[in-house]
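K.L.:
Please work out how this folds:
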Amino acid sequence: MKLGASVASRLGAIFATVFVLQVSLVPHFRLGGYVIDLPLIVVVLVGLHLNPQTGSLIGFVVGLMIDLALETPFGMTALTFSLIGFAAGSASPHLAERNLIIRSLTVALLGATATALFASFGVLIGLEYVTRRELGAIALVTSAAAIPIATLLSPLIRWSLALRSSSIRSDQ
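P.N.:
Numbers count the residues shown, from 1 in each chain. Purely as a prediction, here's the structure:
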């Protein structure tokens, strides 16, 4: 899918809103003591509707935006989001496009994978952000939050990508 100007502007508005929510509001609503990674969930959800290259590009750009706000080595989030965007784009032809439940579960699985991938990159460069026990808890929180968030945001993402909403069915 090629992104036209109107699609790119709608996605830009969504990601700008998600960024503002992530840095201002989300940290005050912790789940199990951990902050939900809302931009990651939205990157995966968008990537599931795109091809691997476009999903990777979207993930990279959003990751760079997040890297500006985090106190981690610059580029770690961009690399993680880029790889997860690529994975989501690669998974998109294999998913039942009209099945909201499978799409939400896929977002949860890829969100947990991204959490582990981010921690792995940290270990590779000599930084250990979380212990193994915390990593599992963070991945679980990301997965648990991804299911309802993906279900709620799916119609918005379909609108932003100018996709038909008539093909969404939750009964299959």
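
K.L.:
Show me the shaky parts of the protein.
P.N.:
1-2, 96-98, 129-132, 164-172 (pLDDT under 70).

K.L.:
cutoff 80 now
P.N.:
Counting by pLDDT under 80, the chain shows low-confidence ranges at 1-3, 95-98, 127-133, 163-172.

K.L.:
Mind naming the longest helix for this structure?
P.N.:
The single longest helix within the chain, with elements called by DSSP state H, is helix 132-160.

K.L.:
in that one, what counts as buried?
P.N.:
135, 137-147, 149-151, 153-154, 157-158, 160 (16 or more other CB atoms under 10 Å). Yep, even glycine has a C-beta here, placed from its N, CA and C like the rest.

K.L.:
residue farthest from the centroid of this structure?
P.N.:
Gly126 (25.2 Å; CA atoms, centre = their mean).

K.L.:
check which helix or strand covers that one.
P.N.:
Assigned by DSSP states H and E, Gly126 belongs to neither a helix nor a strand.

K.L.:
And the closest residue to Ser92 other than its chain neighbours, how close does it get to Pro155?
P.N.:
The shortest distance from Ser92 to any residue other than its chain neighbours is 5.0 Å, reached at Leu48 (CB to CB, 6 or more residues apart in numbering). Using CB to CB, to the nearest Å, Leu48 is found at 14 Å from Pro155.

K.L.:
Same question for Leu135.
P.N.:
For Leu135 relative to Pro155 (CB to CB), the value is 32 Å.

K.L.:
Over to Leu117?
P.N.:
28 Å.

K.L.:
cool, Ala145 as well?
P.N.:
18 Å.

K.L.:
again with Leu25
P.N.:
The separation that Leu25 has from Pro155, given CB to CB, amounts to 21 Å.

K.L.:
ditto for Glu134
P.N.:
Note on Glu134: its distance to Pro155, by CB to CB, is 34 Å.

K.L.:
How about Ala146?
P.N.:
Distance from Ala146 to Pro155, by CB to CB: 16 Å.

K.L.:
Count the residues that sit near the closest residue to Met76 other than its chain neighbours.
P.N.:
Spatial nearest neighbour of Met76, chain neighbours left out: Phe121 (5.3 Å); criterion: CB to CB, 6+ apart. Counted with other CB atoms under 10 Å, residues neighbouring Phe121 total 19.
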